[in-house]
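Engineer: I would like the atomic coordinates for the input below:
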Amino acid sequence: MAGSRWLLPVALVFGLFAVAQAAAPSAAETELRKIVQEMLDAVAPGNADVWRRYLHERVLRVDENGAVQTKEELLKEFAPLPPGLVGRAKVDTFKIELHDEVAVVAFEIQEHLDYHGQIMRSRFRVSDTWLKTAQGWQLLAEQVAAVLKDPPSVKLTQQQLCEYNGSYALTTEITVTLRCTQDGFTSERSGRLATQYLAEVPDVFFVAGQPRTRRIFTRDAQGKVVGFVDRREGEDVRWTRN
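Structural biologist: Numbers count the residues shown, from 1 in each chain. Predicted coordinates for the structure are as follows:
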């Protein structure tokens with residue numbers, strides 16, 4: 001029994017050491033994270049040489065606006081930030097999977113921009129594919145997506161909110177009922193749970209946690225609400241007030 005009492009703390013120490021070893025970043029992860037941060041640091045001053053060194057000749061990049069760029073097209077965009085803009089970006093939540101000479105990396109970027117004295121904070125999620133070459137790691141492919149946030153909500157009067165009350169139809173069989181609340185309105189479609197909407201501006205509403213969509217109300221020439229559109233990625237689904 002005395003010996004077993006000694007074995008327990010020894011086993012615990014070795015177990016903790018194994019966990020620490022497993023959690024330690026690999027050499028590739030450390031190197032690639034450093035390279036990515038170096039590339040980000042080169043954006044504000046417009047230092048294209050840094051990106052030229054790490055971009056593969058056949059790289060394809062999809063930016064946050066959906067534009068597909070080659071190495072030449074991407075490097076043409078490099079220029080220092082204009083006067084009045086001060087920016088920086090930092091790598092965050094870095095993850096890597098290694099497959100022989102290929103590394104698949106997913107990470108986030110926290111961007112901080114001083115725009116003529118007004119501070120803007122944006123976040124981007126990036127997926128990279130890197131290839132280990134004789135010249136070192138080179139970027140083969142990249143896709144960037146903006147991490148969207150809910151807009152600020154505004155306070156409308158109860159009278160304004162209750163103008164949207166009523167039943168709206170997508171088809172003769174599919175309808176939704178809106179009821180004003182203190183902060184916005186609820187939208188209840190038959191067979192589904194009610195959803196709470198908040199006002200972004202008058203006649204434009206959103207659901208918290210769903211920043212890709214908007215509900216936009218339409219009015220007739222007299223200002224009466226006659227329907228709405230559910231808008232997502234610029235495409236509208238139209239509903240008509242009953």
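Engineer: Average pLDDT for the helix or strand hosting F107, rounded please.
Structural biologist: Here F107 sits within strand 102-115, counting by DSSP states H and E. Mean pLDDT, strand 102-115: 98.
Engineer: which residues sit against stretch 158-168?
Structural biologist: Contacts with stretch 158-168, where a contact means CB atoms under 8 Å, 6 or more residues apart in numbering, come from 175-182, 184-185, 199, 202, 217, 225, 227-228, 239-242. For the C-beta atoms, the positions are set from N, CA and C on the backbone; glycine is no exception.
Engineer: Quickly list the domain ranges of this protein.
Structural biologist: By the assignment in automatic domain parsing, the chain contains the domains 25-146, 158-241.
Engineer: Nearest approach to P152 belongs to which of those domains?
Structural biologist: When the domains of the chain are compared by CB to CB, domain 158-241 sits nearest P152, at 7.7 Å.
Engineer: any chance you could map the helices in the protein?
Structural biologist: For the chain, the helices defined by DSSP state H occupy 2-23, 27-41, 48-54, 71-76, 158-162.
Engineer: Now render the domains of the chain as CSV, adding mean neighbour count and distance to P152.
Structural biologist: CSV is the format used below for those (neighbours: other CB atoms under 10 Å; distance: least, CB to CB, whole Å):
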stretch, mean neighbour count, distance to P152
domain 25-146, 14, 14
domain 158-241, 14, 8
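Engineer: The residue nearest the centre of the chain: what's its closest spatial neighbour, skipping adjacent residues?
Structural biologist: A centroid search over the chain (CA atoms, centre = their mean) returns V147, at 1.3 Å, as the residue closest to the centre. Nearest residue to V147, sequence neighbours excluded (CB to CB, 6 or more residues apart in numbering): R123, at 4.0 Å.
Engineer: correct me, but that neighbour touches H112?
Structural biologist: No: look at R123 against H112 with CB atoms under 8 Å: they stay out of range, at 10.4 Å.
Engineer: Touching, A194 and S187? I think so.
Structural biologist: Yes: using CB under 8 Å, A194 is in contact with S187, at 6.7 Å.
Engineer: quick one, what contacts the residue nearest to the centre of the chain?
Structural biologist: By CB under 8 Å, 6+ apart, the neighbours of V147 are E108, S122, R123, F124, R125.
Engineer: out of these, which one sits closest to V86?
Structural biologist: Distances from V86 to the contacts of V147, taken by CB to CB, are shortest for S122, at 14.2 Å.
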